[in-house]
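J.: after the sequence you'll find the predicted model.
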Amino acid sequence: MTPARFAGTKALVTGGANGMGRACVEQLAREGAHVYILDKDEAAMRSLIDGLCAAGHRVDGAVIDVIDEAGFTDAFTAMLDRFAGRLDVMIHIAGASRGGLLADQTTRDWDWHYQVNLRSHVIGCKLAGKVMTRQASGAIVTMSSISGQRGDPGWAGYNAMKAAIMNFTQSLAWELGRQGVRVNAVCPGPVMSERMLKSIEDDPGMVDSYAAKTALGRLVDPHEVMHAILFLASDAASAITGQTLVIDCGLTARTGQPIQPSIFDETKL
C-alpha cells in the first residue's frame, strides 16, 4: 500500500466548509493530515468535522470571518495549540465576490473587496509564514482566479484583488524561500460550485455559455481544483514556488479572436 501523502501533516484550510475548500479538507484528512478549518459557515463546518471524525480522521475548526484580524489571530493561536506549535500546510481559499460598475461603487465597496480577497491573504500568510520560517519548512497555497488575468465589465474590484494575489504570491515566495517555505497560487476558471449551481437557477444557459468558451467544452469540477492545490502543497512540488497554476479547462488558452471557418470549423466541436 502506498503511504499516505500527508501522513502526520498539520494543515490549515480557510474557507474549508464548502466547495473547493471542503474538497481539500476531505482529501487531506483521508491522506493522513490533521486538518484545521477556519470558516464562517458554522453549520456546514460542524457537519463536515463530525462526519470526518466519525470516520476516524482528525479534523478541528473554528468559526471566524477572515476580515476580522483579531478573530483570525485568536483562531490561529488556538490551532497552533492543537497542533503543538507546528504548521506544515496553509491553504487560503476564503473569499467572495460582488459585481458592480465602478461608476456605481463607493470606496467602501472597494474596501470590502480588499478586506475579503486580499487583506485576508495578507493576515493568513503573515501568521503562517512566521511559524513556517521558524521550523524551516512549509507550503502555502493562495487562491487567485483567471479573473485576475483578464478584464470583465462590472468586476473590476474582484478582478483587481485576484491579480494582486498573483504578484503577492511571487513576492512572498522570494521572502520565504530561503527559509524553506514555498508559496504558490491556483487560478481556477469557471467552477461547478454551489454558487454556480445557484446562478443556474436564474440563468439556465450560463453553464453552456461558459463551456463553449473552454477547450474541453465543460466547466471545472471543484475536485479538479483540489487536486491541483494538494499537488502544490505536497512534496511532489518541492521545487515549485512563486508560481500560479491555472485550472480552467483551457479557457485562457485562446486569444478570443473570431475563428475563421476556413481554417477551423467550430461547429464540429
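T.: Great, that's in hand. Numbering: from 1, shown residues only.
J.: now the strands for this protein?
T.: For the chain, the strands defined by DSSP state E cover 10-14, 34-39, 58-63, 89-92, 138-143, 181-188, 244-247.
J.: got those as TSV, with mean neighbour count columns?
T.: C-betas here are computed from N, CA, C, even on glycine. TSV is the format used below for these (neighbours: other Cβ atoms under 10 Å):
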stretch	mean neighbour count
strand 10-14	26
strand 34-39	26
strand 58-63	18
strand 89-92	27
strand 138-143	26
strand 181-188	25
strand 244-247	19
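J.: possible to save the ones you listed as JSON lines with distance to residue 149 and mean pLDDT?
T.: Listed next are the strands of the chain as JSON lines, based on distance: least, Cβ to Cβ, whole Å; pLDDT from 0 to 100:
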{"stretch": "strand 10-14", "distance to residue 149": "23", "mean pLDDT": "99"}
{"stretch": "strand 34-39", "distance to residue 149": "27", "mean pLDDT": "98"}
{"stretch": "strand 58-63", "distance to residue 149": "32", "mean pLDDT": "98"}
{"stretch": "strand 89-92", "distance to residue 149": "19", "mean pLDDT": "99"}
{"stretch": "strand 138-143", "distance to residue 149": "14", "mean pLDDT": "98"}
{"stretch": "strand 181-188", "distance to residue 149": "7", "mean pLDDT": "98"}
{"stretch": "strand 244-247", "distance to residue 149": "8", "mean pLDDT": "98"}
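J.: okay, those strands in TSV with distance to residue 119 next?
T.: Shown next, in TSV, are the strands of the chain (distance: least, Cβ to Cβ, whole Å):
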stretch	distance to residue 119
strand 10-14	13
strand 34-39	15
strand 58-63	19
strand 89-92	12
strand 138-143	13
strand 181-188	16
strand 244-247	20
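J.: among the ones you listed, which comes closest to residue 258?
T.: Within those, the stretch nearest residue 258 is strand 244-247; the backing value is 23.3 Å (Cβ to Cβ).
J.: list the strands paired with that closest one, with their directions.
T.: In the sheet, strand 244-247 lines up against strand 181-188 (parallel) (DSSP bridges).
J.: contact partners of the strand it pairs with?
T.: The contact list for strand 181-188, computed with Cβ atoms under 8 Å, 6 or more residues apart in numbering, reads 20, 125, 129, 132-133, 137-146, 148-149, 165-166, 169, 172-173, 176-177, 220, 225, 228-229, 232, 237-238, 240-248.
J.: kindly report the same for stretch 33-49.
T.: So stretch 33-49 is contacted by 6-18, 21-22, 25-26, 28-29, 52, 57-66, 72, 75-76, 79, 82-83, 89, 94 (Cβ under 8 Å, 6+ apart).
J.: how far out from the middle of the chain is it?
T.: Relative to the centre of its chain, stretch 33-49 is centred 15 Å away, using Cα atoms, centre = their mean, to the nearest Å.
J.: and what of stretch 134-154?
T.: Centre-to-centre, stretch 134-154 and its host chain are 7 Å apart (Cα atoms, centre = their mean).
J.: and what of stretch 73-92?
T.: Distance, centroid of stretch 73-92 to centroid of chain: 18 Å (Cα atoms, centre = their mean).
J.: next, count neighbours for the residue nearest to residue 226 when sequence neighbours are not counted.
T.: Using Cβ to Cβ, 6 or more residues apart in numbering and skipping the chain neighbours, the partner closest in space to residue 226 is residue 23 (3.8 Å). Neighbour count for residue 23, taken as other Cβ atoms under 10 Å: 22.
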